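Colleague: Just need the structure, nothing else, for what follows:
(2 chains)
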Amino acid sequence: MTPSVVTVRWRRPDGTWRRVNVSVAPVLLALSPLLLLAVLGALVVHRAVRADIDVSEAARGLRGLVRALPGAEFAFEQGSTAVLVSVI
Amino acid sequence: MNEERRQILQMLAEGKITAEEAELLIDALERQAEPPPGEPARPKARPKYLRVVLSAPEGGESPSPSRINVRVPLQLLRAGVRLTSLIPPHALDKVNAQLLQAGVPIDLAQLKPQHIEDLIEQLDDLTVDLDDHDSKIRVFCE
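Modeller: Below is the predicted model of the structure:
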């Protein structure tokens, strides 16, 4: 299961909560040219420094990491400030 | 409340059955729900998340009370430690040397993915409670 929505909630100074749901797919689509550049850059660096890392293993590991993200949650509260980020 | 119990209470409320009959029916339901003697109890649901809660009351280092609550899927932990197998051997040697220098004689090269899996499996029963005079940390699985 890959993350589909990231929910960010924060408390405003007047005590009311605001919530923003960010769909992951459109954001990934918008950032895809940059992501492609980043992947190509990583491959070039890998070749240049002759790093002893198995690229396919690394890609599999990263995919596992992304697929395990749903359910992760981070909440921070201090005084009147409160932020909650959760991945669904 | 399960559906059967709700139906019994509904019939009682509508006057279709008496209180004694409702009690008998609920008793029968509970007997049905209990595992038969000799059969092992159903295993406890396996935890899926590691929860870290840090709370600090007012005073101390922070001027106002603060609280941090992090929920990490155990699957994410597994995926993260699996990535450590990608660390090149020469980098591991450097890390080992630094650990030894810091008084922690652990050879990370001996740490196999299976050991890490076992370690995470055992996290199920882990609960860490740390009480400091100005903060409290709790780590547990849920």
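
Colleague: which stretch of helix or strand covers the residue positioned nearest the centre of chain A?
Modeller: The centre of chain A sits closest to A:Val66, judged by CA atoms, centre = their mean, with a distance of 7.7 Å. If you go by DSSP states H and E, A:Val66 is part of helix A:55-67.

Colleague: what packs against that helix?
Modeller: Applying 3 or more CB pairs under 8 Å, 6 or more residues apart in numbering or on different chains; DSSP states H and E, one finds that helix A:55-67 contacts helix B:74-83. Bear in mind the C-beta positions are built from the backbone N, C-alpha and C, glycine included.

Colleague: about what we covered before: for the residue nearest to the centre of chain A, give me its contacts.
Modeller: Taking CB atoms under 8 Å, 6 or more residues apart in numbering or on different chains, we find A:Val66 in contact with A:2-3.

Colleague: wait, what's in contact with residue 9?
Modeller: You didn't pick a chain, so chain A it is. Contacts for A:Arg9 (CB under 8 Å, 6+ apart) come out as A:17-20, A:82-85.

Colleague: meant chain B actually
Modeller: So B:Leu9 contacts B:Ala22 (CB under 8 Å, 6+ apart).

Colleague: confidence score at it?
Modeller: Listed pLDDT for B:Leu9 reads 79.

Colleague: Also the one 5 residues further on?
Modeller: With respect to pLDDT, B:Glu14 has a value of 75.

Colleague: likewise B:Ser62?
Modeller: pLDDT, B:Ser62: 65.

Colleague: C-alpha coordinates for the helix holding A:Val66, CSV please?
Modeller: Provided in CSV are the C-alpha atoms of helix A:55-67 (Å, rounded to 0.1, in the frame of the first residue of the first chain):
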residue,chain,number,x,y,z
VAL,A,55,21.2,-0.1,-7.3
SER,A,56,18.3,-2.6,-7.7
GLU,A,57,18.6,-3.5,-4.0
ALA,A,58,18.6,0.2,-3.1
ALA,A,59,15.5,0.8,-5.2
ARG,A,60,13.7,-2.1,-3.7
GLY,A,61,14.6,-0.8,-0.2
LEU,A,62,13.3,2.6,-1.0
ARG,A,63,10.1,1.2,-2.4
GLY,A,64,9.6,-0.8,0.8
LEU,A,65,10.2,2.3,2.9
VAL,A,66,7.6,4.3,0.9
ARG,A,67,5.1,1.5,1.0
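
Colleague: Next SSE downstream of the host helix or strand of B:Arg6?
Modeller: Element membership of B:Arg6 [criterion: DSSP H and E] is helix B:3-13. Toward the C-terminal end, the helix or strand that comes next after helix B:3-13 (DSSP H and E) is helix B:19-33.

Colleague: Buried residues, that following helix. List them.
Modeller: By 16 or more other CB atoms under 10 Å in any protein chain shown, the buried positions in helix B:19-33 come out as B:22, B:25.

Colleague: Show me what that helix is packed up against.
Modeller: helix B:3-13.

Colleague: what is the orientation angle of the helix it packs on with helix B:19-33?
Modeller: Interaxial angle, helix B:3-13 versus helix B:19-33 (axes from the mean of the first three to the mean of the last three CA atoms, to 10 degrees): 180 degrees.

Colleague: Show me which residues of helix B:3-13 are buried.
Modeller: Quick answer for helix B:3-13 (16+ other CB under 10 Å): B:8, B:12.

Colleague: again with stretch A:66-78
Modeller: For stretch A:66-78, the buried set under the neighbour-count rule, 16+ other CB under 10 Å, comprises A:68-77.

Colleague: now swap in stretch A:3-18 and tell me
Modeller: For stretch A:3-18, the neighbour count (16+ other CB under 10 Å) marks A:3, A:6, A:11 as buried.
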